[in-house]
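Colleague: Requesting a structural model of the entry that follows:
(chains A and B)
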Amino acid sequence: MSSLDSALIEVNQLDASYGDRQVLKDINLTVNKGEILVIMGGSGSGKSTLLKNMLGLMKPAAGEILINSMDINSVNKSELLKLRRTMGVAFQGGALLSSMSVGDNIKLPLRQHTDLDENTISIMTRLKLELMNLAGFEDLMPSELSGGMLKRAGLARAVIMDPKILFFDEPSAGLDPVTSVELDQLILELRKAMNMTIIVVTHELESAFTIADRIAVLFDGEVVITGTVDEIKNCTDERVINLINRSPRKVQIDGEKYLSRLTKGAK
Amino acid sequence: MFRLIKLIGSSTILFVEELGRFTDFLYQVIKSIFSRPFGGRDLIKQLEFIGARSMSIIILSGLFTGMVLALLFYSVLTRLGSVDLMGSAVGLSLIQELGPVMAAIMVIARVGSSTCAEIAIMRNEQQFDALTCMAVNPYRFVMVPRFLAAIISVPLLTAIFNVVGIFGGYIVGVYLKGLSGTLYLQNLIDKIGWEELRMSVIKSFVFAVIFIWISMAKGFFVHFEKGVSGAEAVSLVTTKAVVASAIAMLFADYISNSFLI
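Modeller: Reported below is the predicted structural model:
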């Protein structure tokens, strides 16, 4: 971690909402150059919304997101496009274009943004497919791949331009334990080989503890704690302990409200 | 009463919001036509899908429309003693009105529905988010090839519909009802000029813009549909896209007739 100390991404006082419902409240987060930051939290904690904001796919209600010291919500369009070419995003379900083969999907960023000839593009694509254990699958359509393969193909596309920053949404979700571990190893290898800064959003504890340099725990739209794996494991906050121990939430039931919910609309 | 006013108010707001989104969508698509790199391969793929693969239904529907028209006109013109005008009656009806409208309806049913559903599913599967994150303009990459293919294909399909329809009229008039083939064609050539053909082309061009715009935009904004998501939302926007395209096309037909006739 010693060589990684300069902040590459800064999230400052970020608020986000869907209509009247506030989803993120005063989020402050820093991602250092070359580190793997895991954003962890249960379902509905706001981690996917935070990712969308960090990717510039959603406008925040308040606050700012700085990537390379540029506010992604106020920077001009051409600067934003330039910035996006240095970022790779692996979506939860792969988000491969269903009308194109796996190979064409992975070649897409190279064809759109570089003047490389087709032979070079094909070799680069096969290199990434080899790295993802998907050699020989380039002519298949996305509908012919399994969930794990889709994720790996999505990851291959995300890293085809050798990005400086990689965002990975739920790498382990819906995968068997072996494939999940393989993906974790792949993330670590990518950081080692390409010195990427990686932001992973997940709710899988084991995965987070394996790959993370630091973990930010989100609960009900707020960052409860940001720290190293050991700091998270030793955290005394009840919500973090419950998350680590997989304890169910203790919901205080208001008898009257409960009854009124059950009898709502009854005559 | 208050509830009715509230309903009208909220519906109006939703309509104006949607109109704003759709107008911006069309602006982005047209603007993106001139951006690079130009997707030649995708355009050819869409020309094949919208144009070539619509040929069979256009030929079939054109043939039967022309045949039905000839039967109807034969009955009316015989009573009026003007059966010699059969060629021009069938030709003018097809070229000025039925050709553009029927061809557009056929294309809306086949292409509008599938385009809307495909784009809505792309939205649901985060494919547009992925394109945006790859710094690829989704309007240029996904919409422009479909838009250009539609405005190229629909006028050509309309022309084919017209020719086949006239041929269908010829079969009924000449082979079934015993009219003179030379008279049918001569009357057709005499009465149909560039003005009529121009009208047919303009109408089909306008209809193409309307249907592809509505179909793509409905799919693209599927996530704005209230109270539904996933497969249900895709099904809903697809139905809405087909109905809205057909109604908007007929409205545009009335407007263009008011200006062109």
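
Colleague: Helices along the chain, start to end?
Modeller: You didn't pick a chain, so chain A it is. Using DSSP state H, the helices of chain A run over A:47-54, A:77-84, A:102-113, A:118-131, A:147-159, A:177-194, A:205-211, A:229-233, A:238-245, A:255-262.

Colleague: right idea, wrong chain: chain B
Modeller: In chain order, chain B shows helices spanning B:2-33, B:40-46, B:55-80, B:86-92, B:99-107, B:113-124, B:127-133, B:138, B:144-170, B:181-191, B:194-220, B:230-260, with DSSP H as the criterion.

Colleague: For chain A, find the nearest of those.
Modeller: Among those, helix B:127-133 comes nearest to chain A, with 3.9 Å by C-beta to the nearest C-beta. C-betas here are computed from N, CA, C, even on glycine.

Colleague: Now the element after the closest one, going C-ward?
Modeller: Remark: after helix B:127-133, the chain's next helix or strand is helix B:138, criterion DSSP states H and E.

Colleague: starting at the chain centroid, how far to that next one?
Modeller: Mean-position distance between helix B:138 and its chain equals 23 Å (C-alpha atoms, centre = their mean, to the nearest Å).

Colleague: Does that helix reach chain A?
Modeller: No: remark: helix B:138 sits outside contact range of chain A, by C-beta under 8 Å from any C-beta of the partner chain, the gap being at least 10.4 Å.

Colleague: Can you name the residues in contact with that helix?
Modeller: Helix B:138 is contacted by residues B:Phe128, B:Leu131, B:Thr132 when judged by C-beta atoms under 8 Å, 6 or more residues apart in numbering or on different chains.

Colleague: Identify the spatial nearest neighbour of the first one, chain neighbours not counted.
Modeller: So the one you mean is B:Phe128. B:Pro138 (4.8 Å; C-beta to C-beta, 6 or more residues apart in numbering or on different chains).

Colleague: Now the residue nearest the centre of chain B. Nearest residue, chain neighbours left out?
Modeller: When chain B is reduced to its mean C-alpha position, the closest residue under C-alpha atoms, centre = their mean turns out to be B:Ala104, at 3.0 Å. Distance criterion C-beta to C-beta, 6+ apart; nearest residue to B:Ala104, sequence neighbours excluded, is B:Phe207 at 3.9 Å.

Colleague: tell me the contacts of that neighbour?
Modeller: Residues counted as contacts of B:Phe207 (C-beta under 8 Å, 6+ apart) are B:Pro100, B:Val101, B:Ala104, B:Val154, B:Met249, B:Ala252, B:Asp253.

Colleague: Next one: the second one, what pLDDT does it get?
Modeller: Right, B:Val101. If you check B:Val101, the pLDDT there is 96.

Colleague: I'd assumed B:Ala252 was in contact with it.
Modeller: No: with contact defined as C-beta atoms under 8 Å, B:Val101 does not count as touching B:Ala252 (10.0 Å).

Colleague: just to revisit the earlier point, kindly reformat the helices of chain B as CSV containing distance to A:His203.
Modeller: Output for these, formatted as CSV (distance: least, C-beta to C-beta, whole Å):
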stretch, distance to A:His203
helix B:2-33, 33
helix B:40-46, 37
helix B:55-80, 49
helix B:86-92, 67
helix B:99-107, 46
helix B:113-124, 21
helix B:127-133, 20
helix B:138, 29
helix B:144-170, 38
helix B:181-191, 71
helix B:194-220, 30
helix B:230-260, 21
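
Colleague: leaving aside the residues next to it on the chain, what's closest to A:Leu8?
Modeller: If the residues on either side of it in the chain are set aside, A:Leu8 comes closest to A:Lys33, at 4.6 Å by C-beta to C-beta, 6+ apart.

Colleague: What distance do you get for that neighbour to B:Ala149?
Modeller: Distance check for A:Lys33 against B:Ala149: by C-beta to C-beta, to the nearest Å, it reads 45 Å.

Colleague: Looking at these two now, which is surrounded by more residues?
Modeller: Neighbours per residue (other C-beta atoms under 10 Å in any protein chain shown) separate A:Lys33 from B:Ala149, with B:Ala149 holding more: 24 against 17.

Colleague: Which among the helices of chain A is found nearest to B:Val163?
Modeller: Distances from B:Val163 to each of the helices of chain A were compared using C-beta to C-beta; the shortest belongs to helix A:102-113, at 37.7 Å.

Colleague: elements contacting that closest one?
Modeller: With contacts defined as 3 or more C-beta pairs under 8 Å, 6 or more residues apart in numbering or on different chains; DSSP states H and E, the packing partners of helix A:102-113 are helix A:118-131, helix A:147-159.

Colleague: which one of these is the most hemmed in?
Modeller: Among the helices and strands packed on helix A:102-113, helix A:147-159 has the highest mean neighbour count (mean count of other C-beta atoms under 10 Å in any protein chain shown), at a mean of 24.

Colleague: ok and that helix relative to helix A:102-113, angle-wise?
Modeller: Using axes from the mean of the first three to the mean of the last three C-alpha atoms, to 10 degrees, the direction of helix A:147-159 lies 20 degrees away from that of helix A:102-113.

Colleague: from the chain's centre, how far out does helix A:147-159 sit?
Modeller: Worked out by C-alpha atoms, centre = their mean, helix A:147-159 lies 13 Å from the chain centre.

Colleague: got the angle for it vs helix A:118-131?
Modeller: For helix A:147-159 against helix A:118-131, the angle between stretch directions is 130 degrees (the same axes, to 10 degrees).

Colleague: Which neighbouring elements make contact with helix A:147-159?
Modeller: Based on contacts counted as 3+ C-beta pairs under 8 Å, 6+ apart, the elements that helix A:147-159 packs against are strand A:87-90, helix A:102-113, helix A:118-131, strand A:165-169, helix A:177-194.

Colleague: Let me know which of the ones you listed is tucked in deepest.
Modeller: Comparing the helices and strands packed on helix A:147-159 by mean neighbour count (mean count of other C-beta under 10 Å), strand A:87-90 ranks first with a mean of 27.

Colleague: what sits up against it?
Modeller: With contacts defined as C-beta under 8 Å, 6+ apart, strand A:87-90 is touched by A:55, A:67, A:151, A:154-155, A:157-161, A:163-169, A:171, B:129-130, B:133-134.

Colleague: now stretch B:235-251
Modeller: The set of residues external to stretch B:235-251 that reach it, using C-beta under 8 Å, 6+ apart, is B:101, B:104-105, B:108-109, B:112-113, B:116-117, B:120, B:207, B:210-211, B:214-215, B:218-219, B:221-222, B:225, B:228.

Colleague: Distance from it to the middle of the chain?
Modeller: For stretch B:235-251 - counting by C-alpha atoms, centre = their mean - the centre lies 11 Å from the chain centre.

Colleague: For it, output the C-alpha coordinates as PDB.
Modeller: Written as PDB, here are the backbone C-alpha positions of stretch B:235-251 (Å, rounded to 0.1, in the frame of the first residue of the first chain):
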ATOM      1  CA  SER B 235     -44.300  -6.000 -23.300                       C
ATOM      2  CA  LEU B 236     -46.100  -2.800 -22.300                       C
ATOM      3  CA  VAL B 237     -43.800  -0.500 -24.200                       C
ATOM      4  CA  THR B 238     -43.800  -2.700 -27.300                       C
ATOM      5  CA  THR B 239     -47.600  -2.600 -27.400                       C
ATOM      6  CA  LYS B 240     -47.600   1.200 -26.800                       C
ATOM      7  CA  ALA B 241     -44.900   1.700 -29.500                       C
ATOM      8  CA  VAL B 242     -47.000  -0.100 -32.200                       C
ATOM      9  CA  VAL B 243     -50.200   1.600 -31.300                       C
ATOM     10  CA  ALA B 244     -48.600   5.100 -31.000                       C
ATOM     11  CA  SER B 245     -46.700   4.600 -34.200                       C
ATOM     12  CA  ALA B 246     -49.800   3.600 -36.100                       C
ATOM     13  CA  ILE B 247     -51.900   6.500 -34.800                       C
ATOM     14  CA  ALA B 248     -49.100   9.100 -35.300                       C
ATOM     15  CA  MET B 249     -48.600   7.700 -38.800                       C
ATOM     16  CA  LEU B 250     -52.400   8.100 -39.600                       C
ATOM     17  CA  PHE B 251     -52.400  11.600 -38.100                       C
END
